[in-house]
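S.K.: Structure, please.
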Amino acid sequence: MNPRYWHYWLSLLLCAALVPVLRSQHIPLKFDWITLAVAYWFLLTVQAIFLATLLYLIGFPRRQTLGPVITRYRQSPIRIALVLLYFALLLWATGATKAIVLTVDTIALLELRDRQRLAGVLHAATAVLSPAAYFFFGFLVVLAYNCAIVSVRFNFANDPTLAAMDRWLLHGHSVGDIAHWAVQVFPLSFFRFLEFVYFGMFPQIGAAMILVALSGGRRSTLQLVGTLLTSYYLALAIFYLWPSQGPYYLCPNHFSRFPASLQAYTIQKTLISDALARWHHEVLARIPTDYFIGLPCMHVAQPIIVMWFLRSWRRMVIALAAYDVLLVAAIVLLEWHYVVDIIAGVFVAALAIVIIDWPFRRENLQSSTPADVRA
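M.R.: Take a look at the predicted model:
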């Protein structure tokens with residue numbers, strides 16, 4: 001079996017075993033479909049299109065990006081008037097940030113339609129939507145299994161060990177020490193910015209799907225999604241063997257020092273209580289959107305995979321790498337993960353790439369090499 005197809009078989013295997021696994025832990029196969037659909041198919045899609053547009057502007061010369069747009073709008077002033085009216089209505093209805101994002105998205109989609117025929121637009125949409133659907137349902141499987149794992153494995157079992165490893169790596173210090181220092185030094189607005197950076201990881205995945213689909217088609221996009229899902233499946237296996245929550249669980253003063261107005265505060269408190277509820281097998285109406293996996297840090301693994309698939313565009317990768325440096329700082333200062341988790345996330349990303357995408361690249365290289373050279 002070709003290794004680049006392994007993610008399909010892993011997905012099928014996990015789907016086949018899902019019902020008996022959930023039944024063994026008295027977990028219903030039910031999700032909050034409305035919340036998940038709105039969050040994934042609308043909110044993340046809007047953010048992904050916006051980020052893909054920004055990366056496109058960064059990664060390509062101006063004559064290919066803004067040049068044709070400016071020319072087209074100069075030749076048709078009515079477009080400028082309509083865009084300004086559209087933006088004004090959005091500004092009135094949604095606020096400045098959402099108005100900017102939705103306006104940029106709309107212009108980008110109109111440009112795609114202008115630059116390609118209808119068949120090309122439909123082909124591009126198919127190249128994005130089918131892999132996106134695969135990732136959506138694959139991630140639901142991950143959520144279900146991560147919920148089942150905390151029912152059979154104490155979610156905080158390895159936190160003391162990981163904290164001790166961190167103290168060795170940080171020469172006696174801990175992530176909690178660094179975060180508490182930051183809370184005393186920096187204003188609340190700084191931590192709100194860190195939250196923006198932290199949650200901004202997810203649009204990277206959608207933006208990468210769009211860019212890879214437009215350049216390489218559905219096959220390449222499925223390779224990206226397969227690599228991402230494989231990294232999640234590896235994370236599930238590691239989580240089962242070494243369950244852990246994160247440094248905020250062991251920190252005795254975390255919830256007294258950490259700003260309670262931050263979204264991270266509420267999420268972290270909820271994750272601890274929900275993990276304990278699953279451990280005690282309390283009745284569950286539906287599978288929650290809780291993501292319990294501490295080791296490895298997927299907020300590091302996923303961006304690495306994204307940069308790997310976008311590596312042909314150097315300026316895009318540089319921009320994403322700069323953002324991801326801030327992302328690592330956000331992970332630490334918001335006390336989401338141990339340093340060990342971050343290191344493990346790098347290895348998981350590399351392993352997923354080697355398992356799924358490397359055979360695909362090697363096969364393409366061989367097929368593009370003349371037969372006499374291969375001989």
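
S.K.: and the next element down the chain from the helix or strand containing Ser215?
M.R.: If you go by DSSP states H and E, Ser215 is part of helix 201-241. As assigned by DSSP H and E, the chain's next helix or strand after helix 201-241 is helix 247-250.

S.K.: That next one - what's its average pLDDT?
M.R.: Taken as a whole, helix 247-250 has a mean pLDDT of 92.

S.K.: as a whole number, average confidence for the helix or strand that that helix is followed by?
M.R.: Using DSSP H and E, the helix or strand that directly follows helix 247-250 along the chain is helix 254-257. For helix 254-257, mean pLDDT is 84.

S.K.: What of stretch 313-327?
M.R.: 95.

S.K.: would you put the C-alpha positions of it in PDB?
M.R.: Output of stretch 313-327 as PDB, limited to C-alpha atoms (Å, rounded to 0.1, in the frame of the first residue of the first chain):
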ATOM      1  CA  TRP A 313       6.300  30.800  -1.900                       C
ATOM      2  CA  ARG A 314       9.200  32.000   0.100                       C
ATOM      3  CA  ARG A 315       7.700  35.400   1.200                       C
ATOM      4  CA  MET A 316       4.600  33.700   2.400                       C
ATOM      5  CA  VAL A 317       6.600  31.300   4.500                       C
ATOM      6  CA  ILE A 318       8.600  34.100   6.000                       C
ATOM      7  CA  ALA A 319       5.400  36.000   6.900                       C
ATOM      8  CA  LEU A 320       3.900  32.900   8.500                       C
ATOM      9  CA  ALA A 321       7.100  32.000  10.300                       C
ATOM     10  CA  ALA A 322       7.200  35.500  11.800                       C
ATOM     11  CA  TYR A 323       3.600  35.100  12.900                       C
ATOM     12  CA  ASP A 324       4.300  31.600  14.300                       C
ATOM     13  CA  VAL A 325       7.100  33.000  16.500                       C
ATOM     14  CA  LEU A 326       4.500  35.200  18.100                       C
ATOM     15  CA  LEU A 327       2.200  32.200  18.300                       C
END
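
S.K.: Contacts only, for Ile287.
M.R.: Listed by C-beta atoms under 8 Å, 6 or more residues apart in numbering, the contact set of Ile287 reads 22, 27-31, 143-144, 147. Any C-beta I mention is one placed from the backbone N, CA and C, and that applies to glycine too.

S.K.: mind checking pLDDT for it?
M.R.: 91.

S.K.: hey, what's it bridged with?
M.R.: Phe31 (DSSP bridges).

S.K.: So it versus Tyr145, what's the distance?
M.R.: 10 Å (C-beta to C-beta, to the nearest Å).

S.K.: and which of the contacts of Ile287 is nearest to Asp274?
M.R.: Among the contacts of Ile287, Cys147 lies closest to Asp274 (C-beta to C-beta), at 8.8 Å.

S.K.: Check which residues of the helix or strand containing the closest one are buried.
M.R.: For Cys147, the host element (DSSP H and E) is helix 118-152. Buried residues in helix 118-152, defined by neighbour count with 16 or more other C-beta atoms under 10 Å: 123-124, 127-129, 131-132, 134-135, 138-151.

S.K.: What is the distance between that helix and the centre of its chain?
M.R.: Centre-to-centre, helix 118-152 and its host chain are 12 Å apart (C-alpha atoms, centre = their mean, to the nearest Å).

S.K.: just checking, what packs against it?
M.R.: Counting contacts by 3 or more C-beta pairs under 8 Å, 6 or more residues apart in numbering; DSSP states H and E, helix 118-152 packs against helix 6-24, helix 96-115, helix 201-241, helix 263-279.

S.K.: and Phe193, which of those is closest to it?
M.R.: Closest approach to Phe193 among those is made by helix 263-279 (12.4 Å; C-beta to C-beta).

S.K.: Tell me where the model's unsure across the stretch 251-375 of the chain.
M.R.: Confidence mapping of the stretch 251-375 of the chain against pLDDT under 70 gives the ranges 358-375.

S.K.: ok, now with 80
M.R.: Counting by pLDDT under 80, the stretch 251-375 of the chain has low-confidence residues at 357-375.
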